[in-house]
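J.: quick one: sequence and predicted model below, then my questions.
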Amino acid sequence: MSDSLFEKYGGVPFITDLVRDFYKQVMKRPNLRRYFEDVPVDKLITHQINYVSTAMGRPVAGYHGRNIRQVHHGLGVTNASFALMMDLFDDALARAGVTEEDIPKINSILRSRHDDVVSG
C-alpha cells in the first residue's frame, strides 16, 4: 500500500493533469477568472501543482510557495468564490479518477485554508 495519496495516484504527472483540468474550468467562469487577471497562468499552475502535491502527501520540501494569506490579501475573494473553486476542484478530482473516499481527505487540507484566502 502507498504511503500517501500523492504516491497512490501517481505523483506529479497525475497532479499536473488534475491542476490543468481544474484551471481550465476556473478560467471559463468570469467571476473566478477575475482573480487571476494579472497572474501568469503557467506560473500559477506550476505553483498549484506543488501546493496540491504537498496537500496529497508529498514531502513539504516540494512546496516553496509564498505565504497563502499574503498572496490572497487584497484580492477580495468571497465565500461564494471559494466554495465554487472547491466544488470545481471536487469535480476535477472525480474526473481524474480520485475515489469518493479520498476526495474529502484531499479537500479537507485545501478547505482548511479558507480563512487565509477569503477576505470577508
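T.: On my side now, so go ahead.

J.: please make it C-alpha for all contacts and neighbour counts, starting now.
T.: Noted.

J.: any idea how far residue 85 is from residue 118?
T.: Computed with C-alpha to C-alpha, to the nearest Å, the distance linking residue 118 and residue 85 is 12 Å.

J.: beyond the lowest-mean-pLDDT helix or strand in the chain, next helix or strand please.
T.: Ranked by mean pLDDT, DSSP states H and E, the helix or strand of the chain with the weakest confidence is helix 68-72, at a mean of 56. Moving toward the C-terminus from helix 68-72, the first helix or strand encountered (DSSP states H and E) is helix 79-96.

J.: which residues belonging to whichever helix or strand comes after that following helix are considered buried?
T.: Towards the C-terminus, the helix or strand next in line after helix 79-96, according to DSSP H and E, is helix 103-111. Using 16 or more other C-alpha atoms under 10 Å as the burial criterion, the residues of helix 103-111 that qualify are 103, 106, 107, 110.

J.: show me what helix 103-111 is packed against.
T.: In terms of contacts (3 or more C-alpha pairs under 8 Å, 6 or more residues apart in numbering; DSSP states H and E), helix 103-111 is packed against helix 41-55, helix 79-96.

J.: and the next element down the chain from that helix?
T.: Scanning forward in sequence from helix 103-111 by DSSP H and E, the next helix or strand is helix 114-117.

J.: let's test this: mean pLDDT of that next one, rounded?
T.: Average pLDDT, helix 114-117: 73.

J.: what of stretch 9-25?
T.: Averaging pLDDT along stretch 9-25 gives 95.

J.: give me the contacts around that stretch.
T.: Surrounding stretch 9-25, the residues in contact under the criterion C-alpha atoms under 8 Å, 6 or more residues apart in numbering are 6, 45, 48, 49, 52, 53, 88, 89, 92, 93, 96, 98.

J.: which of the helices and strands packed on helix 103-111 has the lowest average pLDDT?
T.: Taking each of the helices and strands packed on helix 103-111 in turn, the lowest mean pLDDT turns up on helix 41-55, with a mean of 87.

J.: now for it, which elements pack on it?
T.: Checked by 3+ C-alpha pairs under 8 Å, 6+ apart, helix 41-55 has helix 11-27, helix 103-111 packed alongside it.
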